[in-house]
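*Asks:* test case, fold it:
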Amino acid sequence: MKTVEATLLADYGAIDRNLARKGLLAERGITGVFDGPGDHTLTIEYDPFTLSGDELLETLYRHGLSSEVVAPPIDLQGRERWLEQLKDGRRVLIRPIRPEDVERNATFVERLSPPSKHFLFLGGIAQLKPDELERLCDPDFSLDMAYIALGLDDTGETGEQVGICRYAGADPVHGAEISVAVADAWQRQGLGKILLRHLIDYARTHGVPRLYSIDSVSNTRMRRLARELGFVERPDPDDRRQVIYSLDLRQP
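*Replies:* Model (predicted):
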């Protein structure tokens, strides 16, 4: 499957997302239609073996849309976005966190179960303060990065936030500390690994030398995830109840 970003042609006025989505999904070769990065865009998933490039363009024009291939830019600018399918078939949209995500992210953290919240904050924080939430949703991209996962319904509409992965305080020598959390109802479906892989790729291409995480020794999910992604594990010399996972990004 491939995706294209479809933008409303100027001659057609304001886009009706639901109408455009319904019409496109009825077309041969169109497998998914999702909200695009802008107010007047849609991201369309299609089967290139069923729908040729010329046929795709003709289909889009028929629905009042023009297109260009979606590819994450070299510089962030908040435009990176990926459609991912989980083990159970559910789909998520992954993109960088934005300042307008404050309320959505607060709801996500509040709904985490006590064990999930404990592992996310190592028991030190029960609830983020408003100013902390604002800083989390408006990172300094020279030092920090955060991706969120949004659940998609059957029509492709983005719903609640179901995951987050971030690093903070990137240092040219020591690297940056990471954290990852997934909503309880979305766990064990590979979402944490998907989020971390995108974060690792971003950190590597932006010169972060190392990613690390300090976690509870009882967090078996994080241990399994870290090992699958190549992190090295060692005891925390300052607290025997914790372990340190580290990934050297300078290695090829």
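*Asks:* longest strand in this protein, please.
*Replies:* Longest strand in the chain by number of residues (criterion: DSSP state E): strand 158-171.
*Asks:* the stretch 151-252 of the chain: strands as residue ranges?
*Replies:* 158-171, 175-182, 210-216, 232-235, 242-248 (DSSP state E, counting those that start in this stretch).
*Asks:* need those in CSV with mean neighbour count, mean pLDDT and distance to Arg111, can you?
*Replies:* All C-beta atoms are positioned from the backbone trio N, CA, C, and that covers glycine. Below are these laid out as CSV (neighbours: other C-beta atoms under 10 Å; pLDDT from 0 to 100; distance: least, C-beta to C-beta, whole Å):
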stretch, mean neighbour count, mean pLDDT, distance to Arg111
strand 158-171, 19, 88, 8
strand 175-182, 22, 91, 11
strand 210-216, 19, 90, 21
strand 232-235, 12, 94, 29
strand 242-248, 18, 93, 26
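*Asks:* that older thread, hey, C-alpha coordinates of the longest strand of the chain in CSV?
*Replies:* Extracted in CSV, the C-alpha atoms of strand 158-171 (Å, rounded to 0.1, in the frame of the first residue of the first chain):
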residue,chain,number,x,y,z
THR,A,158,-8.6,10.5,14.4
GLY,A,159,-9.8,9.9,17.9
GLU,A,160,-8.3,9.8,21.3
GLN,A,161,-4.5,9.8,22.0
VAL,A,162,-3.4,6.2,22.7
GLY,A,163,0.3,6.5,23.1
ILE,A,164,3.3,8.8,23.5
CYS,A,165,7.0,8.5,23.1
ARG,A,166,9.6,11.2,23.8
TYR,A,167,13.1,12.2,24.6
ALA,A,168,14.2,15.3,26.4
GLY,A,169,17.3,17.3,27.1
ALA,A,170,19.5,15.9,24.4
ASP,A,171,23.2,16.4,25.2
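*Asks:* Arg241: what's it in contact with?
*Replies:* Arg241 makes contact with Ser216, Val217, according to C-beta atoms under 8 Å, 6 or more residues apart in numbering.
*Asks:* mind checking how far it is from Pro114?
*Replies:* To Pro114, Arg241 is 17 Å away according to C-beta to C-beta, to the nearest Å.
*Asks:* cool, Thr59 as well?
*Replies:* Taking C-beta to C-beta, one finds Thr59 at 49 Å from Pro114.
*Asks:* looking at these two, which has the bigger crowd around it?
*Replies:* Thr59 (21 against 9; other C-beta atoms under 10 Å).
*Asks:* list phi and psi for that one.
*Replies:* Main-chain torsions, Thr59, degrees, to the nearest 10: phi -60, psi -40.
*Asks:* isn't it right up against Leu25?
*Replies:* No. At 11.4 Å, Thr59 and Leu25 do not qualify as touching, with contact defined as C-beta atoms under 8 Å.
*Asks:* show me what stretch 189-198 is in contact with.
*Replies:* 80, 82, 84, 86-88, 90, 92, 94, 147, 149, 162-165, 178, 180, 182, 221, 225, 228-229.
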